[in-house]
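In: Return atomic coordinates for the entry below.
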Amino acid sequence: MNRESPERHPIDDLVRDYLELQAEQEDTAALTSRVLASISTQDPIVTEVRAAQTFFPAEAYHEDYFRRNPAQPYCRAVINPKVSKFRARFAHKLKSNQP
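Out: Below you'll find the model as predicted:
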């Protein structure tokens, strides 16, 4: 999200994509991945790269939500297309036992 445009929606201030780094060595890999991704798309990469913050585990009902609720409208309309695109693009890197 985090769009830089006149059509910004208020939710953009609440929903952001970010990658939290657990170790300093991950910084180089994250930034390299970001540069490589930006080469393959016309859209700007807006994922924020930052040091890990305090982690608070989600409530149990959030765990594996997509796997447990594939028929939910949000899962069908938003998550499933993204997962399908990811699986198609990176099929050669996925373990064969993944659904």
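In: Spatially central, which residue of this structure would that be?
Out: Taking CA atoms, centre = their mean, the centroid of the chain lies closest to D17, which sits 6.3 Å from it.
In: residues near the closest residue to that residue other than its chain neighbours, how many?
Out: Once flanking residues are discounted, D17 sits nearest to T47: 4.4 Å by CB to CB, 6 or more residues apart in numbering. (C-beta placed from N, C-alpha, C; glycine too.) T47: 16 surrounding residues under other CB atoms under 10 Å.
In: again with the one 5 residues further on
Out: Using other CB under 10 Å, A52 is surrounded by 11 other residues.
In: any idea how far L36 is from it?
Out: As for A52, its distance to L36 is 22 Å (criterion: CB to CB, to the nearest Å).
In: Equivalent analysis for F86, please.
Out: Going from F86 to L36 by CB to CB gives 16 Å.
In: Could you pull out the buried residues of stretch 75-94?
Out: When burial is assessed from 16 or more other CB atoms under 10 Å, stretch 75-94 yields the following buried residues: C75.
In: 88 is where my numbering starts, stick with that
Out: Renumbered: residue one is now 88, and that last one reads stretch 162-181.
In: what's it in contact with?
Out: Y152, F153, N156, P157, Q185 (CB atoms under 8 Å, 6 or more residues apart in numbering).
In: per-residue confidence averaged over it?
Out: Here stretch 162-181 scores 90 as its mean pLDDT.
In: Many thanks, I have nothing further to ask.
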